[in-house]
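[1] Sharing a sequence plus its predicted fold:
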Amino acid sequence: MRLLAISDLHVRAPGTRAFIESLPSSADDWLILGGDIGESEDDLRFVLETLAPRFARLVWVPGNHDLWSLPTNPPAAAPTRGVARYESLIALCRSFGALTPEDPFVRWPGDGPPTVIAPLFTLYDYTFRPAHLRSKEEALAWAAEEDIVCTDEVLLHPDPHGSIDAWSAARVALTEARLDEIPDEMRTVLIAHFPLRQAHAVLPAVPRFTPWCGTVRTDDWHRRFRARAVVFGHLHIRRDFVDDGVPFHEVSLGYPRQFDPARPSDYLRVILPGKA
């Protein structure tokens, strides 16, 4: 069995749903869904219904798009927001047997050293910014100088937290405490939507988008929690690299212009291989 990964499916985009439907079955393997599946519960349900029967198990973490609260049309009821929205997505994933950041970490049943699969949800806190910028407000102003502003500022609500960075702080504290409980003899696969390290949030086309890309509080987690691999997305720049001896995998699919629909299996990245 293998551990595979893909993120940033954005299934609301034209052409992406057909791509998801074309993904081959791999019944012995686990598949990580690394966030930004879509912008609605219907988007997530479509992916779960399509892929859950094709893999031994799914592992899900939320991206920022998944947490958006879109206006309803007609506006018969207010959309769920913040923690309530996140909890509704958790419930949906659990109905398909998918592992989430709210479930106990599980031991990887495949080959290799004893390893825990750890889906994480830590959000971002605007600390991925140049050193001379001392605050969130300065980081947002710096981005605005290049007309950069994330749609999250309108659609991602932190209720009942006072701000996204406050929600992130709470999530980091909770997640860190859970990771600390993993026995020292266990390795980990750390799975997040956002990069864990600021050095990895490299966006040549939009360099001032980095404040919305993570938190410096997770910078040493790959070492501290004995990562066998780290999986992330968000950047839409697929790559595999090694940092501090740890393999990192950016596993985004992206929008239709960013992938070849004729090669669906090429975008299922192998994180942990099976037997050679």
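    Arrived safely, thanks for sending. From a predicted model like this one, the values you see are computed outputs, not experimental measurements.

[2] if we look at the strand or helix carrying residue 223, which residues are touching it?
    Per DSSP states H and E, residue 223 falls inside helix 221-224. For helix 221-224, contacts defined as Cβ atoms under 8 Å, 6 or more residues apart in numbering pick out 176, 179, 190, 196-197, 227, 230, 243-244, 246, 248. Where you see a C-beta, it was placed from the backbone N, CA and C, and this is true even at glycine.

[3] Strands of this protein, residue ranges please.
    Taking DSSP state E as the criterion, the chain carries its strands at 3-6, 26-33, 55-60, 106-107, 115-119, 187-191, 227-232, 239-243, 246-250, 269-272.

[4] Centre of the chain to the longest one, how far?
    Put plainly, it is strand 26-33. The chain centroid and the centroid of strand 26-33 are separated by 16 Å, computed with Cα atoms, centre = their mean, to the nearest Å.

[5] Same check on the fourth one?
    Using Cα atoms, centre = their mean, we find the averaged C-alpha position of strand 106-107 to lie 19 Å away from the chain's own average C-alpha position.

[6] State the mean pLDDT of that strand.
    Averaged over strand 106-107, pLDDT sits at 97.

[7] Could you do the first one as well?
    Averaged across strand 3-6, the pLDDT comes to 97.

[8] go on, the third one?
    Looking at strand 55-60 alone, the average pLDDT works out to 98.

[9] about what we covered before: name the residues of the helix holding residue 223 that are buried.
    Residues 221-222 are the ones in helix 221-224 that count as buried (16 or more other Cβ atoms under 10 Å).

[10] got it, and stretch 121-139?
    Within stretch 121-139, judged by 16+ other Cβ under 10 Å, the buried ones are 121-129, 133, 136, 139.

[11] any chance of those in a markdown table, plus pLDDT and distance to residue 29?
    Listed next are those as a markdown table, based on pLDDT from 0 to 100; distance: Cβ to Cβ, whole Å:
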| residue | pLDDT | distance to residue 29 |
| --- | --- | --- |
| 121 | 98 | 23 |
| 122 | 98 | 26 |
| 123 | 98 | 29 |
| 124 | 98 | 30 |
| 125 | 98 | 34 |
| 126 | 98 | 37 |
| 127 | 98 | 35 |
| 128 | 98 | 32 |
| 129 | 97 | 38 |
| 133 | 97 | 43 |
| 136 | 97 | 40 |
| 139 | 97 | 40 |
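
[12] tell me which of these is nearest to residue 203?
    residue 128 (10.2 Å; Cβ to Cβ).

[13] Please report how far that closest one lies from residue 24.
    36 Å (Cβ to Cβ, to the nearest Å).
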